[in-house]
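Chemist: Have a look at this prediction, sequence included:
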Amino acid sequence: MRVVAILTLGALAMNSVTAFAQGRIEGTVFDSLVTRAPLRGAMVLLVERGRYATTNERGRFVFDSVPEGQYTVGFLHPVLDSLDVYLAPVRVDMPHSGRATVALAIPSPATIYAALCPGKRDAETGVLIGRVRDVEAGMPVPGAMVGTSWTEYALSAAGREDRRFGLTATSDGQGAFRLCGVPLQLMLDVRAYASGFTAGPLRLVLDDRLLGHANIAVSLRDSAARDTVGARSTATATLRGTVRDRSGRAVRDAIVGVLDDPRTVRTDASGAFRLDGVPAGTRTLEARAIGAPPATLAIDVRAHQEHVAELTISKSAQALSPVLIVGRMAVRSMMERSGFSDRRRRGFGAFFTADEIAELNAFDLGGVLQRMRGVSSTLLGGELVPTLRGGHGQRCVPNFFLDGVPIPVDGGHGFGDLSSWVRADAIRGIEVYPTSTVPPEFDRSTFTGCGSIVIWTR
């Protein structure tokens, strides 16, 4: 549509150009934003003549046989479309029987940031932009909520202070969104919510780049992508592939899984893996191996389809001499492996052990939670639901986690199902966090505005 508008402008202006002597206009297009190198594949427009040329691998372009006169030259590229940025054409004077040169460029990150996020920019922050689309139809999804959150730590005379921050944005009519003020150096998990369906997390780090991209696909058809209790049990997609190191050798016994899903598999001798029952939408596949940092890959998953993925991990750890340890292995519970005792020592929430819970003589999970400090019961939809104190003193439905897995409870619906799964005598521990003190791994307050209750049975 921009091409048509610019060429139309050129057709109207052609009469103002003196058509006698012939010359050439040549130049380069430079990407100051992403690659910081000459930009290949840009479409350069000579507006008044209605002509275009495509840049080569060196970012160069040429217009031959151009009459003497004044012209304007602009360019188009998918990077600009993704930013929804329009660059005004540059004026060029063509001398009599001569040659004119012009340098075009995508603006610097600082310039783009100022255009996307007017106002003062906090140090060490950038902007995250992207689009939300329907993974089945390929169409933009307007009105989707996209968000991310992170924790910042501050040291003072009173000790360490943990502060939780979050940003959300709503996609426009073209599915586009922007999040201004995201930290540059922290790992971010970006999620999208649309009409009760979820996608993500998409994991990324801006890493000193002021501008980051996060395109997310949401399934609006796959019931397994709904943020409801037990939804994922109906998932039908499959992810399979291999894990290799940088030399191309297969990595055996690597642990492979989808972020936010507790299920994992191990690769076989050929490095192959297979994951069934994956919900549709953008999902992040992660592979872990001893002595190497995790490898991640974002995949747009469609229901009832099999997707192939190749992950490459890098061996970065130093090899140590063998050490023989003689002793008796103690099997730690999932609760302890998750850091329950460490969080309890920090004292940012309320913690209850199995012994303390047993003394309550409660019949079910609801009865246990009713007696927890900071928890009240509120009648919602005809069902008594545990609630916490939220903003402005209002009661809110907390975010529930069972053995580290988020269990959505929507208003007065869903807690009864959760309570039927969890027997009081099977609970090993419970963590209760108000909105301001939730650890990052259990924090969904950016989207719900409420704290979290974490229940451990293993």
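Modeler: Ah, there it is.
Chemist: what about the strands in the stretch 201-350 of the chain?
Modeler: 211-213, 216-218, 237-245, 255-258, 264-266, 272-278, 281-288, 295-301, 306-313, 350-353 (DSSP state E, counting those that start in this stretch).
Chemist: no, scratch that, I was asking about the stretch 51-200 of the chain
Modeler: 51-54, 60-67, 69-76, 90-94, 99-106, 125-134, 145-156, 159-170, 176-183, 188-194, 197-204.
Chemist: quick one: contacts for Val34?
Modeler: Residues counted as contacts of Val34 (Cβ atoms under 8 Å, 6 or more residues apart in numbering) are Val79, Ile106. Using the backbone N, CA and C atoms, a C-beta is placed for each residue, glycine as well.
Chemist: Can you give me the domain boundaries for the protein?
Modeler: 2-107, 108-221, 233-315, 334-456 (automatic domain parsing).
Chemist: returning to that earlier point: export the strands of the stretch 51-200 of the chain to TSV and append columns for distance to Val375 and mean neighbour count.
Modeler: Compiled in TSV, those are given as follows (distance: least, Cβ to Cβ, whole Å; neighbours: other Cβ atoms under 10 Å):
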stretch	distance to Val375	mean neighbour count
strand 51-54	64	16
strand 60-67	66	17
strand 69-76	57	19
strand 90-94	64	16
strand 99-106	53	16
strand 125-134	35	22
strand 145-156	23	15
strand 159-170	20	14
strand 176-183	32	19
strand 188-194	26	22
strand 197-204	26	23
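Chemist: quick one: which of those is nearest Asp355?
Modeler: Of all the strands of the stretch 51-200 of the chain, it is strand 159-170 that lies closest to Asp355, at 28.0 Å by Cβ to Cβ.
Chemist: Taking strand 125-134 as reference, get the angle to that closest one.
Modeler: Strand 159-170 and strand 125-134 are oriented at 40 degrees to each other (axes from the mean of the first three to the mean of the last three Cα atoms, to 10 degrees).
Chemist: so what strands line up beside strand 159-170?
Modeler: strand 145-156 (antiparallel) (DSSP bridges).
Chemist: low-scoring pLDDT stretches of the stretch 151-300 of the chain, where are they?
Modeler: Residue ranges of the stretch 151-300 of the chain with pLDDT under 70: 155-160, 162, 208, 228-231.
Chemist: rewinding a little: closest to Pro279 out of the strands of the stretch 51-200 of the chain?
Modeler: The closest of the strands of the stretch 51-200 of the chain to Pro279 is strand 197-204. By Cβ to Cβ, the value is 8.2 Å.
Chemist: which residues make contact with that closest one from outside it?
Modeler: Contact partners of strand 197-204, identified using Cβ under 8 Å, 6+ apart, comprise 132, 135, 187-192, 212, 214, 216-220, 222, 225-227, 259-260, 281-284, 296, 298.
Chemist: 6 Å - rerun?
Modeler: With contact meaning Cβ atoms under 6 Å, 6 or more residues apart in numbering, strand 197-204 is reached by 188-192, 214, 216, 218-220, 225-227, 259, 281-282, 284, 296, 298.
Chemist: which residues sit in contact with Arg444?
Modeler: So Arg444 contacts Asn399 (Cβ under 6 Å, 6+ apart).
Chemist: how much space is there between it and Val397?
Modeler: Distance, Arg444 to Val397, using Cβ to Cβ, to the nearest Å: 11 Å.
Chemist: do Gly367 as well
Modeler: Distance of Gly367 to Val397, given as Cβ to Cβ: 18 Å.
Chemist: higher neighbour count, the two?
Modeler: Counted by other Cβ atoms under 10 Å, Gly367 and Val397 do not tie: Val397 has more neighbours, with 23 against 15.
Chemist: chain center to stretch 439-456: distance?
Modeler: 18 Å (Cα atoms, centre = their mean, to the nearest Å).
Chemist: Give me the average confidence score over it.
Modeler: Here stretch 439-456 scores 87 as its mean pLDDT.
Chemist: and it, how far apart are its ends?
Modeler: 16 Å (Cα to Cα, to the nearest Å).
Chemist: Check stretch 245-260 too.
Modeler: For stretch 245-260, the first-to-last residue distance is 25 Å (Cα to Cα).
Chemist: hmm, who's touching it?
Modeler: The contact list for stretch 245-260, computed with Cβ under 6 Å, 6+ apart, reads 201, 243-244, 264-267, 269-271, 273, 278, 283-289, 313-315.
Chemist: again, only this time at 8 Å
Modeler: Contacts of stretch 245-260 (Cβ under 8 Å, 6+ apart): 189, 200-201, 203, 239, 242-244, 263-273, 275, 278, 283-289, 292, 296, 311-315, 406.
Chemist: Could you do stretch 371-383 as well?
Modeler: With Cβ under 8 Å, 6+ apart as the test, stretch 371-383 has contacts from 350, 352, 360, 362, 366, 369-370, 384-389, 395, 397, 411-413, 415-416, 430, 432, 434, 453.
Chemist: quick one: Thr353 and Gly429 touch, right?
Modeler: Yes. Using Cβ atoms under 8 Å, Thr353 makes contact with Gly429 at a distance of 5.5 Å.
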